[in-house]
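Chemist: This is a predicted model, with the sequence first.
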Amino acid sequence: MSNDNKVRVYNRLFFKLYLNYAVMLLVTAILICLIFTQLYKNTTMKKEREQLIDQASNISDIITMKFINTRNYQGALEHINEWQKIMNLDIWTISNPYAANPMDERMETNSYAEIADGYKEYLDLVENAFKNKKVYSIAYDEIYQTQTITVSVPILGVNREVVGALLSKKPVEGLKDIINDSLSLIIFSSVVALGISFIIVIIFATELSLPIARMRATALSLAAGNYNSKTGIKRNDELGDLANTVDILSEKLLENEIQRKNLEQMRLDFFANVSHELRTPITVLRAYTETLIDGVVKEEDKVKQYYERMLSECKSMERLVGDLMLLSKMQNPDFDIEKEPVNLVQVFDEIIRSAGAIAEKKNIKIEITKDKPVIMMLGDYDRLRQMFMIILDNAIKFSDENKSVYINISNTDKIKVSIRDEGIGISENDLKFIFEKFYKSRLRQNASGSGLGLAIAKQIAIKHGGNIDVYSVLGEGSTFTFTFPPYDIGEDTL
């Protein structure tokens, strides 16, 4: 068992939780970093591009108004150089060879031929400017060792003809440093977050692992047969529900174990009782048989008595075996009796006729009352007759002479049958056991009984969905009350 408790570190719940949490945190940090970098670059580039286009457009307008419209080209290049120094820009002006009145060469910093020959990367920008478009490009510049933005705008002349193009280039200063600083900050934040998450995961894993460990210990204890084990966990979450389920399982296992022990004890008692019940008649049969074989008894009357006694013992054993088979069948949960509409009044009419001879010998009156002439229920006629006959037979057997037995049948919300006698009654200690197999009181009236009658009666009642209640006072008599579900057959039959 100790070897089973050794779990490798990478298989522990804490390690798996922390690993998943750390991976999730790192992936989130990387995604944030990438998104931030891209957003920052896009935002910075957009801002720089718009600013640069505005500046280039303003310079183009100044060139148009101050030099081209006035045709005064003196000092134009000096002005352009001043603008470059002041704005920290690279400014190129290129004359449009395709225009009807191209920009004067004295205003050019670069010719179209030079661009086409030595600066082909800017050729597309220039040609778009010749088409009166404002465009830009972003590229890495070897001279500046950083990314630069280059914009091109048209230079307009008379009648707003595009007479040239103006290119303005500017490095995006500090972008790389800001991105690197941001990455460092994100990495530092991720390391701190991982440290904090380590503490959080320890607490969280402890909250999870301790209840799981207790439930595991409880499960092992249950597996070892200790069904009194409980987790003792009270939580209002899924772990609490699981712990409660384990505790319910413990209770069920305990109940099953108690039931198993009871069944085992009942089985042992059953065999002991059967052996005891059969030992006496078998002993008697053997004694009489040996006596007859040895010829000890030769008188014809005596021999006949022996045979009659042997027949009586055989009948007793036959009755015992029959009762055992019936009780076993009734206790089988898969056994279903065949039910049909039965008139209880008719059942008791037959029972009273059968028990009348026994009652007459003791001068016992059987009085029956019923609230309706016909009281129907669903059941097995023969089984119901047998059940009520067992109770009525006991009522007569345990009553003194010149007494009465009272039977009442009623049908209200339930069908109710009571059989009351004025006999010797049942003690409080015996009342708890009268429905158990082979249980017999020490009264002389029980000497010839098997102790199975009341057990059979109870099982028949259960199979009919009913119940038996007993009320008894010593010296005053007993009342057996049966209750069954109602059976509605319509008003026409009432």
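Modeler: Right, received. Where do you want to start?

Chemist: So which elements touch the biggest helix by length in the chain?
Modeler: Assignment by DSSP state H gives helix 238-294 as the longest helix of the chain. Helices and strands touching helix 238-294, by 3 or more C-beta pairs under 8 Å, 6 or more residues apart in numbering; DSSP states H and E, are helix 175-223, helix 300-331. From N, CA and C alone the C-beta is placed, and that goes for glycine too.

Chemist: Tell me which residues of stretch 107-118 come out buried.
Modeler: In terms of neighbour count (16 or more other C-beta atoms under 10 Å), stretch 107-118 has its buried residues at 107-110, 112, 115.

Chemist: Likewise for stretch 75-88?
Modeler: By 16+ other C-beta under 10 Å, the buried positions in stretch 75-88 come out as 76, 79-80, 83-84.

Chemist: and if you look at stretch 185-196?
Modeler: The neighbour-count check on stretch 185-196 (16+ other C-beta under 10 Å) flags 186, 190, 193-194 as buried.

Chemist: Go through those and name the one nearest residue 288.
Modeler: Using C-beta to C-beta, the shortest approach to residue 288 within the buried residues of stretch 185-196 belongs to residue 194, at 96.5 Å.

Chemist: May I ask which helix or strand of this structure has the lowest mean pLDDT?
Modeler: The weakest-scoring helix or strand in the chain, judged by mean pLDDT, DSSP states H and E, is helix 300-331 (a mean of 75).

Chemist: Save the buried residues of stretch 185-196 as TSV, and put in distance to residue 159 and pLDDT too.
Modeler: Below are those laid out as TSV (distance: C-beta to C-beta, whole Å; pLDDT from 0 to 100):
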residue	distance to residue 159	pLDDT
186	56	72
190	62	73
193	65	75
194	68	73
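
Chemist: of all those residues, which comes closest to residue 141?
Modeler: Nearest to residue 141 among the buried residues of stretch 185-196, with distances taken as C-beta to C-beta, is residue 186, at 27.5 Å.

Chemist: got a list of what the residue lying closest to that closest one once chain neighbours are set aside touches?
Modeler: Spatial nearest neighbour of residue 186, excluding adjacent residues (C-beta to C-beta, 6 or more residues apart in numbering): residue 33 at 4.9 Å. Shown in contact with residue 33 (C-beta atoms under 8 Å, 6 or more residues apart in numbering): 182-183, 186.

Chemist: would you turn the helices and strands packed on helix 238-294 into TSV with distance to residue 371?
Modeler: Listed next are the helices and strands packed on helix 238-294 as TSV, based on distance: least, C-beta to C-beta, whole Å:
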stretch	distance to residue 371
helix 175-223	54
helix 300-331	30
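
Chemist: Residue 143: which of those helices is closest?
Modeler: The nearest among those, by C-beta to C-beta, is helix 175-223 at 15.5 Å.

Chemist: got the angle between the closest one and helix 238-294?
Modeler: Here helix 175-223 runs at an angle of 20 degrees relative to helix 238-294 (axes from the mean of the first three to the mean of the last three C-alpha atoms, to 10 degrees).

Chemist: Show me how far helix 175-223 is from its chain's centre.
Modeler: Relative to its parent chain, helix 175-223 has a centroid offset of 28 Å by C-alpha atoms, centre = their mean, to the nearest Å.

Chemist: which residues sit in contact with residue 214?
Modeler: So residue 214 contacts 231-233, 243 (C-beta under 8 Å, 6+ apart).

Chemist: at 6 Å what do you get?
Modeler: Applying C-beta atoms under 6 Å, 6 or more residues apart in numbering, we find residue 214 in contact with residue 231.

Chemist: Quick check: the gap between residue 229 and residue 252.
Modeler: Counting by C-beta to C-beta, to the nearest Å, the gap between residue 229 and residue 252 amounts to 13 Å.

Chemist: if you count what's nearby, which of these two comes out ahead?
Modeler: residue 229 (20 against 11; other C-beta atoms under 10 Å).

Chemist: Let's see the pLDDT reported for that one.
Modeler: Looking at residue 229, its pLDDT is 83.

Chemist: How many residues are close by residue 215?
Modeler: By other C-beta under 10 Å, 18 other residues sit near residue 215.
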